[in-house]
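1. model the following, please.
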Amino acid sequence: MGAVPTRQRWWPCSPALTATCIVFLYYSDGNLIKFPINFRLFYKEKGKMPWQRGKTSPHQTKHELAIEMLQWALKVGFPKSMVLADSWFCTGTFVKALKHKSLDLHYIIEVNAKYTARIPCKEPKLTPTGRLAKKQYDQISLPKIFESLGSVVKYGFAPDPEIDKLQKVLY
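-> Next up, the predicted model:
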């Protein structure tokens with residue numbers, strides 16, 4: 001799945017250039033074949049697209065669009081397999097939807113290094129007055145969590161010096 005930025009300015013030399021956000025669903029056999037099987041246009045909430053004043057568009061989040069397309073693909077007969085997604089889809093709601101019994105899909109999702117996770121704190125936190133604090137958790141960066149796990153396998157792309165492309169780890 002991929003997403004193209006939503007109607008935003010790209011270059012200062014061309015202020016009128018904009019793009020439409022499209023969420024794609026691709027099929028791949030894991031080897032040679034990869035082709036798009038579905039797509040949806042993403043519309044921001046009403047009032048956030050000044051170039052379309054007066055027009056109403058159905059607003060759904062990108063996660064909802066992706067889940068809708070996955071349900072469609074399974075309904076028309078594509079086999080259940082692995083879902084690969086970029087870091088935009090690395091959210092609790094999307095992962096829960098993939099794990100729900102109606103889809104029950106396995107997934108590999110890119111993890112953004114700046115994401116954090118809440119973990120229970122080891123000792124109770126207190127307020128300055130000595131009462132128990134409401135937030136009884138610590139936030140830790142996801143890469144640190146993955147380092148502490150021994151069974152995590154890193155997936156990604158090797159560097160390609162011919163085109164100056166760096167290595168990219170997806171986890």
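
2. quick one: low-confidence parts of the chain?
-> 1-20, 45-58, 148-157, 169-171 (pLDDT under 70).

3. quick one: the helices in the protein?
-> For the chain, the helices defined by DSSP state H occupy 62-75, 92-99, 142-148.

4. same list (the ones you listed) but as JSON lines, adding mean neighbour count and distance to Asp29.
-> To be clear about C-beta, it is placed using only N, CA and C from the backbone, and glycine gets the same treatment. Listed next are the helices of the chain as JSON lines, based on neighbours: other Cβ atoms under 10 Å; distance: least, Cβ to Cβ, whole Å:
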{"stretch": "helix 62-75", "mean neighbour count": "18", "distance to Asp29": "14"}
{"stretch": "helix 92-99", "mean neighbour count": "15", "distance to Asp29": "20"}
{"stretch": "helix 142-148", "mean neighbour count": "12", "distance to Asp29": "29"}
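
5. distance to Lys165 added to those helices, as CSV?
-> Converted to CSV, these look like this (distance: least, Cβ to Cβ, whole Å):
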stretch, distance to Lys165
helix 62-75, 26
helix 92-99, 27
helix 142-148, 21
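
6. wait, which of the ones you listed is closest to Val83?
-> helix 92-99 (6.0 Å; Cβ to Cβ).

7. the closest one packs against which elements?
-> helix 62-75, strand 106-109 (3 or more Cβ pairs under 8 Å, 6 or more residues apart in numbering; DSSP states H and E).

8. got the angle for it vs helix 62-75?
-> 10 degrees (axes from the mean of the first three to the mean of the last three Cα atoms, to 10 degrees).

9. distance check, the residue nearest to Phe42 when sequence neighbours are not counted against Tyr43.
-> Distance criterion Cβ to Cβ, 6 or more residues apart in numbering; nearest residue to Phe42, sequence neighbours excluded, is Cys21 at 4.0 Å. For Cys21, the distance to Tyr43 equals 8 Å [Cβ to Cβ, to the nearest Å].

10. name the residue in the two with the higher neighbour count.
-> Of the pair Cys21 and Tyr43, Tyr43 is the one with more neighbours under other Cβ atoms under 10 Å, namely 20 against 17.

11. dihedrals phi and psi, the residue of the chain most remote from its centre?
-> The centre of the chain is farthest from one residue, Thr129, which by Cα atoms, centre = their mean lies 40.9 Å away. Backbone torsions for Thr129, taken as degrees, to the nearest 10, come to phi -90, psi 0.
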